[in-house]
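Student: fold the following, please.
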Amino acid sequence: MRRWRGLKALVHDAVDRIVDLVGEGHESTARTVMRVTDRVEPIAVPARAVDVVRRASTAGVLGTIKLVNRVVEVTSDAGIDLAVRAAARGTATGGDAGRDGPPVKLERAVAMRSDIMVSAQIAADAALGLVNAVVGDFLFERDNGLDLGMVLRVREHYVDPGDDASLGPSIAAAFAREGPRAPGPRVAVFVHGLGTTEWSWVLEAHAYHGDPTATFASLLERDLGITPIFVRYNAGRHVSTNGRALSASLAALVRSYPVPIEELVLVGHSMGGLVIRSACHYGDEARAPWV
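Tutor: This next block holds a predicted model:
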């Protein structure tokens, strides 16, 4: 629902921006015409009077469009709020409540398989990565629900590295829910590139390996016993911003990991490599324990 809210908000913002562009286009055209008519003395004054009327009527029309756009936004938000409250009645919210400690906060992820890359769900995920790459800063500044932020994918769950209180229990729960593969002391963190998500690590696996579930991460775990964790982030923000966030996320991961980490391997693709270099810089500068 947060994603749907974000998409709806982005559409409303786009409508406003288009209206502004139309207004700017009108003004630009009018200035060009006025530069000509101002040189023709008999029509200069009447032309200016006509332009005043034109400007007022244009502003009224465009202003009405923007007003209707925002009324629709407020009304639809209220409808979504009602639907969410109705759905929440009698339904447990968030993750599993920790009976003897902090709550477990997990968001279920779609199992990574290269043979479902053409599904609508994965197409939407790919579109989300592209939208973040193009307008990531805007999404962040507007607190838009499409903003990917920065989360860790542990097995088939997303956990928030910024939530220290529940990160440890959430990571432990994510490992516990995925069968016998317990977390090991050697960890590899995979950071995707611009315009993608963690799904970039499973592309064409069925063609290359004969196994649609194979990823660089799963192969490392199978062959070398290295436990993989994926980073999912808003690639449209500045590399240094994501570098600082990744350094903080790695610090939280080291603090909250179920067993002491003996080796931490960082694997980046394209922009992910730049984000890792930035994280190493800021981590080293702050003498972060994960370094």
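
Student: now for the lowest-mean-pLDDT helix or strand in the chain, which elements pack on it?
Tutor: Ranking every helix and strand in the chain by mean pLDDT, DSSP states H and E puts helix 41-88 at the bottom, with a mean of 82. Contact here means 3 or more CB pairs under 8 Å, 6 or more residues apart in numbering; DSSP states H and E; on that basis helix 41-88 packs against helix 2-37. For glycine as for every other residue, the C-beta is placed from the backbone atoms N, C-alpha and C.

Student: and the angle from the helix it packs on to helix 41-88?
Tutor: 180 degrees (axes from the mean of the first three to the mean of the last three CA atoms, to 10 degrees).

Student: got the buried residues for helix 2-37?
Tutor: Residues 5-10, 12-13, 15-16, 19, 23, 26, 30, 37 are the ones in helix 2-37 that count as buried (16 or more other CB atoms under 10 Å).

Student: check those and tell me the two furthest apart.
Tutor: 5 and 37 (47.9 Å; CB to CB).

Student: not counting stretch 140-152 itself, show me its contacts.
Tutor: For stretch 140-152, the external contacting residues (CB atoms under 8 Å, 6 or more residues apart in numbering) are 2-7, 9-10, 13, 107, 128-129, 131-132, 136, 138-139, 158-162, 171, 197, 229-235, 237, 242, 245-246, 249, 253.

Student: buried subset of those, written for PyMOL?
Tutor: Selection of the buried residues among the contacts of stretch 140-152 in PyMOL, burial being defined by 16+ other CB under 10 Å:
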select buried, resi 5+6+7+9+10+13+128+129+131+132+136+138+139+158+159+160+161+171+197+229+230+231+232+233+234+235+237+242+245+246+249+253
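
Student: show me the contacts of stretch 140-152 that map onto helices.
Tutor: Counting by DSSP state H, the part of the contacts of stretch 140-152 found in helices is 2-7, 9-10, 13, 128-129, 131-132, 136, 138-139, 171, 242, 245-246, 249, 253.

Student: ok, back up a step: which member of the buried residues of helix 2-37 is positioned nearest residue 268?
Tutor: Nearest to residue 268 among these is residue 6, at 26.3 Å by CB to CB.

Student: just for the stretch 101-250 of the chain, where's the confidence low?
Tutor: Scanning the stretch 101-250 of the chain for pLDDT under 70 picks out the ranges 101-102, 179-180.

Student: at 80 instead, please
Tutor: The stretch 101-250 of the chain contains residues with pLDDT under 80 at 101-103, 117-118, 121, 164, 178-181.

Student: what is the burial count for the residue nearest to residue 139 when sequence neighbours are not counted?
Tutor: In space, and not counting its chain neighbours, residue 139 is closest to residue 147: 4.0 Å by CB to CB, 6 or more residues apart in numbering. Residues within reach of residue 147, counting by other CB atoms under 10 Å, total 25.

Student: try residue 116
Tutor: Neighbours of residue 116 (other CB under 10 Å): 15.

Student: got a list of what it touches?
Tutor: Contacts of residue 116 (CB under 8 Å, 6+ apart): 110, 122, 212.

Student: show the buried residues in those.
Tutor: Among the contacts of residue 116, those classed as buried by 16+ other CB under 10 Å are 122, 212.
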